[in-house]
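Q: curious how this folds, go ahead:
(2 chains)
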Amino acid sequence: MKPRLAPILLALGAPSLSPAIDEAAFQATIRPILEDYCIDCHSAKRQKGDLDLERFATVADIRADPGVWQHVEEQLDLDEMPPRDKTQPLAGEEETLRSWVRATLKEIARESAGDPGPVVVRRLSNAEYTYTLRDLTGIDSLDPAREFPVDGAAGEGFTNAGAALVMSPALFTKYLDAGKEVAAHAVLLPDGIGFSEKVTRRDWSEEKLKAIRDFYGRFVEIGEATRVSVQEVSFQSKDAGVIPLEKYFEATFAIRDGGDLEEIAGERGLSPKYLRTLWSALNDPSPSPLLEVVRRRWRESNSSAETAATVRTWQKALWRFETIERVGRPGGPQKWQQPAAPGELDEALRKTVPDGMSLADLAPGFDAFRELFPAALCYERIVPIDSVVTLLLYFREDEQLRRLMLDDAQAAELERMWHELHFVSESALRQVDVYEQVWQFVTQGGENDPAKNPLNPLREPIMKRAEDFRAERIAVEPAQLDGVLDFAGKAWRRPLAAPEKDQLRGLYQQLRDEELPHDDSIRLLIARVLAAPAFLYKLESPAAGERATPVSDLELATRLSYFLTSSTPDDELKALAAEGKLGDPDVLAAQAKRLLSGPEVRRMAIEFGAQWLHVRDFDQLDEKSETHFPGFAAIRADLDEEPVRYFTDFFQNDGSVTGLLDADHTFVNGRLANYYGIPGIEGDEWRRVDGLREHGRGGVLGFGATLAMQSGASRTSPILRGNWICETLLGEKLPRPPKGVPTLPEQPPAGLTERQFTAQHSEDPKCSRCHLRIDPFGFSLEEFDAIGRFRSVDAAGLAIDASAKTPDGAEFTGIDGLRAYLMNKRGDDFVRQFCKKLLGYALGRGVMLSDEPLLDEIQERLAENDHRVSIAIEMIVRSPQFREIRGRDFVSNDPNNP
Amino acid sequence: MSSLHRFTRRSFLRGAGVTMALPWMESFTVWGDEPTGKEPASQAPVRMAVLFAGNGFHSREWWAKGEGKSMELGKVLSPLMPHREKMLFIQGLTNAEAQKGNIHSSQTGNLLSGAPLASGGEIRSGTSFDQLVAQQYGRETKVPSLVLGCEKSNPSVHKNYSMLYSSHISWTSPTTPTPLEIYPALAFDRLFKDTVSRGDRSVLDAVLEDAKDVRRGVSNRDKQKLDEYLNSVREVEQRIENAGKRGEFRGWRPTLDKPNIPRPADGIPQDVGEHMRLMCDILVLAFQTDTTRVCTLKLNNDHSSMRFTNLGIDYMIHHLLSHTDNEDWLKVNQFFLEQYAYLAGRLDSIQEGERTLLDNSMLMFCSSMLTGHHDASQLPVVVLGGGGGKIEGGRVLNYRDQPERQMCRLYLSLMDKMGIRPGAFGDATMALQEI
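A: Model prediction:
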């Protein structure tokens, strides 16, 4: 062979001077090498392995299809080509070819850096679909995709790549049905629509009722028992809704000691309005005989309990409660809570007043006392329970609360809640039925003449209310339709265009014309919104032409939120997009940071972290022998949770990428700690535990889930584990296994450990080249059994040998040795692989040659910044590939991506 | 130029797919020399099912010799003894594209199309022949085709090839692996749930308009993706339109009007055998009621992680078991063939005039490799049934030493029995003369 090294070495020697790809070197040096060793098989005619290298006549041809050359580089790096039984290149020639290919690819990468790449329009994955619907409706229990076909993975191995997210008639039908199922959760409100976890009117009414009770509960506390008697039946009413007097008096002492009233109210969750009223009443110099009693007690006792006790004693004397059923009836009382007056100063009252003071002395102050201290702020129970037969569905008496405690906004909120309760429960209509029943009951009770039924005067107002409600229900239909339109804007992740609004209104009208009731039409309209391409697909509008352009702010908001939270953009993100600010990379990066710190990043932990490590849905893994591991099913869910907790913490607290390998901590609950043999941890609660080296845990290498996943049903597999480390953690491209792999018996022959048995298999010369690289990693993890537990002997009782020797001559033992080896020798590969996977996940496509410069840059910046993961995420979201889209008419040279 | 050559070759292989990227309603007449479904009205139509089992079979027990009644079968095939006279045992066919690329994942995704598979995390194969049949022949029936499975697909990428390839044999278009139904109850619903809710039609029209609008402003690739959606909605719409209209203009009537078994329970049966039998029962029902004439049933994935507690073999998953070639592997193989035999037996017990439903059907059974060691140089194939009196059973066909032994030739033969003659399919241009 004539030496051909000179020209290429020249070119490589001064790369900075000659960044362009050297056509002359290709013609003079590279093509002859190819012709000598490659093109025999990889000719245009033979195309062995589907590869034609002959067609690359000039450098321009390479530039047009660099993917083929990445493949060539891999084959050279793996030392796969030329095959062993063919003529081998001289040592220098091989290196020349390799260097030239590498340099050329680097140059092509530089030229095309930042290409957004071919991102086919992405359907929401099942997970994204579920999270999005949960976020849109606020219902966390929704699981609409539970019977959908499993999504496929593409790109870098994630289920968020468009190519793998398909549609079919059967699947579309499922989407439509799921949309209807979600629509069944819609609650029609007087001013629009809401969503409830439940699907019946009865449950919705209960929810609205509970909302009001919770509201009351912010201001009142459960009072003491009030005994009432109705028709010879006694009831205990414990829900008087009384003022939490002690807390307020406590607060007044704090103010007296120099505290700021508003601050104190805020800190203690008290009503500032009432605290102000109370404070000034206590410090008011104007004489009011009974209040003076309270003031004196307040001043002299310095005790909130004693002061409150005094107030309560008098509340009991100055107020009484009517039977709710009688309130508002003809001849009945107007209110439930009524002023009362004691006939005499009984023992209890006397104790509270100065000696010699008479009832008459105090009486002029009763009104002022009642004004400040009603016995009940509201009827907290709402549903009356103090009579056997009740005409009332809901009883409202809360004007004391409104008067004393609520500000205007709170009063309005309460008003809205009551309105919603009546609207949702259709109480006005139900009232009619109840009235008829009670009216009958009363008639049977002795008043045989219907004309004399005491309930007769109530008939007209009840009928009138029902009539009004029917009218209201029709009157609010447009508002509810508007509610669906608002919902559509949220679901479609963008404001609706005018024709779209018209179209939705048109469909509503059409449904009504088809004689569908209003409720059904609204629900079907919601289902239609959720079956639309604008909801199911992350649609983006590329510019005409071939050039890449930035996506719109709204599209960017969608990209960012699905990347980091697997769901629809939240309000802040949408607002920034609407203002046109999100296109600013600084704003975008700040938003990424915000989302990373939120709880929704757990989804990224699952969809990216667990999926990368191949343990997503590990809790459903059904691949372990029940005979060998009867307890496995019970621990699956905990093993599944560990990586999710780990990655959630990693993203939220800006963990170090290399820390994934050499961490000394993980997350466990009592069960998992016990499984791992970590003492002193009990209970269901998950927590971070540090210092786990001695237990063989910490970081991704120690996850029970991955160790179990990369094992057989009944025994470990050093090959699977080793392969997982090579391919998944280090991103090595191993050649495919040869055809005709020799047979492996299912159980190690007697006397052989699983390790020895694997080693025997790998001695086959066809297999050994790869296995020398794979197996040592797997061997070092032999101290973990097939379901991820620590062990010192294998299933047959033979001692475990966890020592390993890699092809580069390194020797180590066990998980600690492996960890140290990976950190010291393969740290860069690991970081590169992490970044590559993260980028592929962020973009929803496979990483391409033109992404290499970005990956180089990220890796550099990570090294300078303690490998904090936020650096990688920030650089990704700032990158052109994340923020831009290829032109609509882009023509690709890649036959795989036409 | 050499690059041109390469392109042409690929385009040719993908021929089917390129056209099918159009919405199917517009393209269906492109195929075949004559319109389909013009059987004499008095005759039952030909039905076709493909059953798939992953990871091949026992290396020494997949064989058949002799003819007709005197046929002898290897142990794997022993469950087929009762059906041997209606059986073709076919040896030596292969799929050239499946021998490239990776093991497993790139041996299955193109099994029924013969198309090249895209790697690098992309998804591209070819329209499978069953779906080609569905897109034409399927228009005659309420449901164009049924695509069933008994194992969830695998959401990952294996050695640069998406595992979608190893879990999908049916492809609606070159970029659309047909999603599988693995829930028996939902498969049943797909066939027989006819209650059209009021307003559905209007909703479908509306989203169809949406999709057409969106389609205007996107790249060609995205157009293809959105066509998946568009075609899906159209098919659902078609189904609603046809509801209640079926059979009015047809002389031949299926022997069953509506299902004679109850809707299966929700969920997936715990027992693998029960799951497979239920799916077979649904398939029988689909054919007997003439609700669909085309079905694929993927019993498990290639690279399957199924375990067989029902056979007392739970120490190893299917894929790893395939590498052992031991007695348990044989037992598992037989179990799969028993399902096939069960299906054939059920169909053979249903009389449709002179012939049985099995006589009017073609049931192909196949795998992605001959043995567990990824050997795809010849594929294991059995065909049961008479194809409407057009296939003579009880024979062993051996193509091992023939130059033109493309698997796609068999597909041309099977399609021919259904009156579909595309001229070329995958890498084949002529049918197998012997079938």
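
Q: going by C-alpha atoms from here, please, whenever you check contacts or count neighbours.
A: Noted.

Q: and the next helix or strand past the host helix or strand of residue B:209?
A: Counting by DSSP states H and E, the element that carries residue B:209 is helix B:200-216. The first helix or strand that comes after helix B:200-216 along the chain, using DSSP H and E, is helix B:220-242.

Q: that older thread, how far off centre is the helix holding residue B:209?
A: Taking CA atoms, centre = their mean, to the nearest Å, the mean C-alpha location of helix B:200-216 is offset from the chain mean by 30 Å.

Q: quick one: that helix near chain A?
A: Yes. If you take CA under 8 Å from any CA of the partner chain as the test, helix B:200-216 does meet chain A, through B:202, B:203, B:204, B:206, B:207, B:210, B:211, B:214.

Q: quick one, what contacts residue B:120?
A: A:155, A:846, B:160, B:161 (CA atoms under 8 Å, 6 or more residues apart in numbering or on different chains).

Q: remind me which residues of the chain are low pLDDT?
A: By default, I'm working from chain A. Per-residue confidence of chain A (counting by pLDDT under 70) places the weak regions at A:1-20, A:222-239, A:386-389, A:444-448, A:737-749, A:892-898.

Q: think we crossed wires, I meant chain B
A: B:1-41, B:243-251.

Q: centroid-nearest residue for it?
A: Most central in chain B under CA atoms, centre = their mean is residue B:296, positioned 3.2 Å from the mean C-alpha point.

Q: quick one: contacts of the helix or strand hosting that residue?
A: Secondary structure from DSSP H and E places residue B:296 in strand B:294-298. Residues outside strand B:294-298 that contact it (CA under 8 Å, 6+ apart) are B:47-53, B:130, B:133-134, B:138, B:144-151, B:167-170, B:279, B:283.

Q: inside helices: which ones of the residues you listed?
A: B:130, B:133, B:134, B:167, B:279, B:283 (DSSP state H).

Q: tell me which residues touch the fifth one, please.
A: Think residue B:279. Taking CA under 8 Å, 6+ apart, one finds B:148, B:150, B:184, B:297 in contact with residue B:279.

Q: the domain parsing of the chain - what is it?
A: You didn't say which chain, so I picked chain A. Domain segmentation of chain A under automatic domain parsing yields A:5-112, A:426-475, A:614-827.

Q: actually it's chain B I care about, not the one you picked
A: According to automatic domain parsing, the domains of chain B span B:12-190+B:256-417, B:195-243.

Q: which of the ones you listed is buried the deepest?
A: Of all the domains of chain B, domain B:12-190+B:256-417 has the most neighbours on average by mean count of other CA atoms under 10 Å in any protein chain shown, namely a mean of 22.

Q: ok, residue A:513 to chain B distance?
A: 10 Å (CA to the nearest CA, to the nearest Å).

Q: that residue: neighbour count?
A: With neighbours defined by other CA atoms under 10 Å in any protein chain shown, the count for residue A:513 comes to 10.

Q: residue B:272 against residue B:300, yeah?
A: No. Residue B:272 is beyond contact range of residue B:300, at 10.0 Å (criterion: CA atoms under 8 Å).

Q: pull the contacting residues for residue A:689.
A: A:665, A:666, A:667, A:668.

Q: and if you look at residue A:552?
A: By CA under 8 Å, 6+ apart, the neighbours of residue A:552 are residue A:583.

Q: if you set the cut-off to 10 Å instead, what comes out?
A: A:540, A:541, A:542, A:558, A:577, A:580, A:582, A:583, A:883, A:884, A:885 (CA atoms under 10 Å, 6 or more residues apart in numbering or on different chains).

Q: for the fifth one, grab phi and psi.
A: When quoted as degrees, to the nearest 10, the phi and psi of residue A:577 stand at phi -70, psi -40.

Q: quick check: closest non-adjacent residue to it.
A: Nearest residue to residue A:577 in three dimensions, chain neighbours excluded: residue A:553, at 4.8 Å (CA to CA, 6 or more residues apart in numbering or on different chains).

Q: ok, that neighbour to residue A:581 distance?
A: 7 Å (CA to CA, to the nearest Å).

Q: which neighbours do those two have in common?
A: Shared contacts of residue A:553 and residue A:581, counting by CA under 10 Å, 6+ apart, come down to A:573, A:588.

Q: please say which of those two ends up with more neighbours.
A: Per other CA under 10 Å, whichever of residue A:553 and residue A:581 has more neighbours is residue A:553, with 22 against 15.

Q: gap between that one and residue B:314?
A: On the measure of CA to CA, residue A:553 and residue B:314 end up 53 Å apart.

Q: and residue A:171, by the same measure?
A: 33 Å.

Q: which residue lies farthest from the center of chain A?
A: Outermost in chain A, CA atoms, centre = their mean: residue A:356 at 68.8 Å.

Q: on the three-state scheme, it is what?
A: Following DSSP: H, G, I helix; E, B strand; the rest coil, residue A:356 is assigned to coil.

Q: strands of the stretch 251-400 of chain B, residue ranges please.
A: B:294-298, B:351-352, B:355-356, B:361-366, B:381-384, B:395-398 (DSSP state E, counting those that start in this stretch).

Q: wait, chain A
A: Using DSSP state E, the strands of chain A run over A:122-123, A:186-189, A:192-195, A:226-230, A:233-237, A:319-321, A:337-339, A:537-538, A:549-550, A:666-668, A:687-689, A:803-805, A:811-813, A:884-885.

Q: relative to residue B:98, which of those is closest?
A: strand A:122-123 (28.0 Å; CA to CA).

Q: who's in contact with the closest residue in space to residue B:217 that isn't next to it in sequence?
A: Closest residue to residue B:217 apart from its sequence neighbours, by CA to CA, 6+ apart: residue A:541 at 6.4 Å. Neighbour list for residue A:541: A:551, A:552, A:555, A:885, A:886, A:887, A:888, B:214, B:216, B:217, B:218, B:219 [criterion: CA under 10 Å, 6+ apart].

Q: could I get those as TSV with distance to residue B:65?
A: Output for the contacts of residue A:541, formatted as TSV (distance: CA to CA, whole Å):
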residue	distance to residue B:65
A:551	64
A:552	67
A:555	63
A:885	60
A:886	59
A:887	60
A:888	58
B:214	58
B:216	58
B:217	60
B:218	57
B:219	55
